[in-house]
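Participant: Predicted model and sequence below, questions to follow.
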Amino acid sequence: MSDPEADILGASAAIVALRRLAPKIALSDAPTLITGSTGTGKEHVARVLHRRSARAQKPFVALNCAAIPETLFESELFGFERGSFTGATRSQPGKAVIADGGTLFLDEIGELTSFSQSKLLRMIEAHEVHPLGAQRPIKVDLRIIAATNQRVEEAIASGQFRSDLYYRLNVARIAIPDLIERREDIPLYLDHFIGLFNESRGTRVGGVDRELMDLLVRYDWPGNVREVRNFVEGVFIDPPDGLIGTRHIPAAFARLHRTYARTGQEEHARLVAALEQSDWNKAEAAKLLHWSRMTLYRKLTKYSVTRKGTGDGPAAKRDT
């Protein structure tokens, strides 16, 4: 069985808590709702829950609810018999039947229409599906994990999402925060994806140099973990022999350097302002700047920053 520490990557408090909770939710077999913005890794967490559950040897089947028109939802989820509609030249099992005994992952559940929601609710309550054209229903034993990037409670209040379906799905809840809320995880994801691409491409890229790492940690990553992966994949189109630097930023991310790279004067001013705002508490200043303590000390030395801001003496010693 895989190590849960390696399954869900991150050092932030939110991810450490999630990593501790995941095995308990997995073993509970309870319907689970995973919320989080696009690219935060909701399907990855769902797969971790499946691997850690008693259903691990059974199928994990994913269905993207946002990609299925209402007219095809029943046939996709429940299946159909030959001749049940024009073009049905053979019988086909639905995703729920394929997942029998295992886990059915319903991604972007908030995109389902009211009609599709009612059909899904019926399946969950009755533990059975009725394929189109079939004479009788089929019993299914499923663990349901659903995910959404929407605020479900707001959708319920506006009448766009059924409250009874919500209560069926929201027995266990996992909320994955955006990467901007846990910047300390960014270097870990970069190293992780560099390692994966090194292994698959047979390359030896050595990681990210300090200058670029400072820039990447400041970047907001609106696409979250998926965007980090895309960034690294772009670098590996023409991978460097050693460390990845600012000159290796993929063309698709050129705005990153323009927007987040700082001149020495700008960076010096931001450093001094953060120190003054925190009353020269270096730990607090590092948080304000979204820097690690190591980066802050390096910048103090680089700019010879003293308590007055620009002196030639050693940097201020105060930490707390």
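Facilitator: Received the coordinates, thanks. Numbering: from 1, shown residues only.
Participant: which residues are contacting stretch 255-263?
Facilitator: Identification of contacts with stretch 255-263 by Cβ atoms under 8 Å, 6 or more residues apart in numbering yields 215-216, 218-219, 246, 249, 270. Where you see a C-beta, it was placed from the backbone N, CA and C, and this is true even at glycine.
Participant: now the strands for the stretch 101-250 of the chain?
Facilitator: Across the stretch 101-250 of the chain, reading from the start of the chain, the strands by DSSP state E, counting those that start in this stretch fall at 103-107, 128-129, 138-139, 143-148, 172-175.
Participant: what is the mean pLDDT for the second one?
Facilitator: In this case it means strand 128-129. Per-residue pLDDT values across strand 128-129 average out to 93.
Participant: ditto for the third one
Facilitator: pLDDT averaged over strand 138-139 equals 94, rounded to a whole number.
Participant: Now do it: which elements does it pack against?
Facilitator: Under the contact definition 3 or more Cβ pairs under 8 Å, 6 or more residues apart in numbering; DSSP states H and E, strand 138-139 sits against strand 128-129.
Participant: What pairs with the strand it packs on, parallel or antiparallel?
Facilitator: Strand pairing for strand 128-129, using DSSP bridges, gives strand 138-139 (antiparallel).
Participant: just how off-centre is the partner strand within its chain?
Facilitator: Here the centre of mass of C-alpha atoms in strand 138-139, compared against the chain's by Cα atoms, centre = their mean, to the nearest Å, lies 34 Å away.
Participant: neighbouring contacts of that strand?
Facilitator: Counting by Cβ under 8 Å, 6+ apart, the neighbours of strand 138-139 from elsewhere in the structure are 97, 127-131.
Participant: related to what we said a few turns ago, can you select the buried ones from the contacts of stretch 255-263 in ChimeraX?
Facilitator: Entered in ChimeraX, the line below selects the buried ones among the contacts of stretch 255-263, by 16 or more other Cβ atoms under 10 Å:
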select :215,216,218,219,249,270
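Participant: Would you check which pair of the contacts of stretch 255-263 lies furthest apart?
Facilitator: 249 and 270 (21.2 Å; Cβ to Cβ).
Participant: distance of the spatially most central residue of the chain from residue 224?
Facilitator: Nearest residue to the geometric centre of the chain (Cα atoms, centre = their mean): residue 40, 1.7 Å. To residue 224, residue 40 is 5 Å away according to Cβ to Cβ, to the nearest Å.
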